[in-house]
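> Take a look and give me a structure for this.
(chains A and B)
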Protein chains: 2
Amino acid sequence: MSVIGVVATLKVQAGKEAEFEKVFGELRSKVKANEKGCLQYDFFKSKSEPSTFVVMEQYASQADLDAHGKTEYFRAAGPALGAVLGGAPTLLFLDKVE
Amino acid sequence: MSVIGVVATLKVQAGKEAEFEKVFGELRSKVKANEKGCLQYDFFKSKSEPSTFVVMEQYASQADLDAHGKTEYFRAAGPALGAVLGGAPTLLFLDKVE
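Have a look, this model is predicted:
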């Protein structure tokens, strides 16, 4: 069972970047503190498009990825993220080549 | 100076995926063995498009990223990669949000 990678691309409403960074930073702390099966949860700001953010994620298994999306804190962050995003994130699901 | 992230998306010619994995795997080993400033160099196969590969990269500094592209082994891998790729990679350059 290979490690699962996810690249999420999030477009933030212009002027709401700082608010997004705060909300997503809090989510990241909870993910890192609570999810042993989440091997990477790093987020980045695009150098060319300052309102575009990218999250690099890795999970030990599909079950770990599924559990991530069902955590209480992930669901609780939904409204705050929804308020600053410019649309639904684009998600790339990947299998790691070891 | 923030850590620099790169997401590279590579489209491989249909039927040449295994060859690509071999060539890129060898390149990855050399990157990991030689580049202290390269903090991540993982590659993945897309779950939805089996000829699409994604590389998640992180560098301690811009100088480390610049050095990466100038290494002898990176340049040496060019022709072998060119023979299996379906076009130029797309590169996303990112600043890590700590």
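> for chain A, what spans make up the helices?
A:17-34, A:62-70, A:72-82 (DSSP state H).
> tell me how far the longest one is from the chain's mean position?
Same thing as helix A:17-34. From the chain centre to the centre of helix A:17-34 is a distance of 9 Å (CA atoms, centre = their mean, to the nearest Å).
> Using PDB, write out every CA atom in that helix.
Taking C-alpha atoms only, helix A:17-34 is exported to PDB below (Å, rounded to 0.1, in the frame of the first residue of the first chain):
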ATOM      1  CA  GLU A  17      -4.600  36.200   2.400                       C
ATOM      2  CA  ALA A  18      -3.500  37.000   6.000                       C
ATOM      3  CA  GLU A  19      -6.800  35.800   7.400                       C
ATOM      4  CA  PHE A  20      -6.400  32.600   5.300                       C
ATOM      5  CA  GLU A  21      -2.900  32.000   6.600                       C
ATOM      6  CA  LYS A  22      -4.200  32.400  10.200                       C
ATOM      7  CA  VAL A  23      -7.100  30.000   9.800                       C
ATOM      8  CA  PHE A  24      -5.000  27.400   7.800                       C
ATOM      9  CA  GLY A  25      -2.100  27.700  10.200                       C
ATOM     10  CA  GLU A  26      -4.400  26.800  13.100                       C
ATOM     11  CA  LEU A  27      -5.800  23.800  11.100                       C
ATOM     12  CA  ARG A  28      -2.200  22.700  10.300                       C
ATOM     13  CA  SER A  29      -1.200  22.700  14.000                       C
ATOM     14  CA  LYS A  30      -4.200  20.500  14.900                       C
ATOM     15  CA  VAL A  31      -3.500  18.100  12.000                       C
ATOM     16  CA  LYS A  32       0.100  17.700  13.000                       C
ATOM     17  CA  ALA A  33      -0.800  17.300  16.700                       C
ATOM     18  CA  ASN A  34      -3.600  14.700  16.100                       C
END
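> That helix packs against which elements?
strand A:38-46, strand A:52-59, helix A:72-82 (3 or more CB pairs under 8 Å, 6 or more residues apart in numbering or on different chains; DSSP states H and E). Glycine gets a C-beta too; all of them are placed from N, C-alpha and C.
> Serialize these to TSV and add fields for distance to A:Leu92.
Listed next are those as TSV, based on distance: least, CB to CB, whole Å:
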stretch	distance to A:Leu92
strand A:38-46	14
strand A:52-59	10
helix A:72-82	19
